[in-house]
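Engineer: Structure here, sequence nowhere to be found:
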């Protein structure tokens, strides 16, 4: 009986870690993509959404921030040839993926979210903050539309 209880306790303790390591990230968008398109006007002075062929799908040809094509589901801080802050690179190395919860938290408080995720005191480069959670949710829904179709082999970084 004691052995069975010990094994059960060990399995219960290990369960959450095992589940986290083998669970796909939920990239569901709960916001309104059309409202997000309108909210994106505030973002386009720094960001663009351009597909792998270079076609601009949203925004202008801004290059202050990274291209946001394929950002949903991507690890933070990995767009080639973009110079990220150290803290966002650290967050990405630690496994930060742009799902709805992370993106909304980041958009509402970029540096604060990165500090919380990494435990470091660095600063992110994005100084703009989205003021309302609904706007952040809508932006996520808007950006979620811009991903490479599955099975195409196109990179989304």
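Structural biologist: Yep, it's here. It should be emphasised that the depicted structure is a prediction, and the values quoted were computed from it without experimental measurement.
Engineer: how close does the spatially most central residue of the chain get to residue 56?
Structural biologist: Note on the chain: the residue nearest the mean C-alpha position is residue 98, at 1.5 Å, using C-alpha atoms, centre = their mean. Distance, residue 98 to residue 56, by C-beta to C-beta, to the nearest Å: 20 Å. (C-beta placed from N, C-alpha, C; glycine too.)
Engineer: who's in contact with the residue nearest to the centre of the chain?
Structural biologist: Residues counted as contacts of residue 98 (C-beta atoms under 8 Å, 6 or more residues apart in numbering) are 71, 72, 73, 74, 75, 76, 106.
Engineer: Please repeat the previous calculation with a cut-off of 7 Å.
Structural biologist: By C-beta atoms under 7 Å, 6 or more residues apart in numbering, the contact list for residue 98 reads 71, 72, 73, 74, 76.
Engineer: Next up, the contacts around the closest residue to the second one other than its chain neighbours.
Structural biologist: The spatial neighbour of residue 72 that comes closest, neighbours along the chain excluded (C-beta to C-beta, 6 or more residues apart in numbering), is residue 144 at 4.4 Å. Contacts were defined as C-beta under 7 Å, 6+ apart; by that measure residue 144 touches 27, 29, 72.
Engineer: Tell me how many other residues surround the first one.
Structural biologist: Right, residue 27. Residues near residue 27, counting by other C-beta atoms under 10 Å, number 15.
Engineer: ok, now the second one?
Structural biologist: Here the number of neighbours of residue 29 (other C-beta under 10 Å) works out to 20.
Engineer: quick one: low-confidence parts of the protein?
Structural biologist: Applying pLDDT under 70 to the chain flags residues 1-23, 61, 148-157.
Engineer: Which residue ranges of it form helices?
Structural biologist: For the chain, applying DSSP state H gives helices covering 2-21, 33-39, 86-93, 100-108, 110-118, 133-144.
Engineer: what sits up against the shortest one?
Structural biologist: Identification of contacts with helix 33-39 by C-beta under 7 Å, 6+ apart yields 135, 138, 139, 141, 142, 145.
Engineer: let's go with 8 Å and repeat that
Structural biologist: With C-beta under 8 Å, 6+ apart, helix 33-39 has contacts from 58, 130, 134-135, 137-145.
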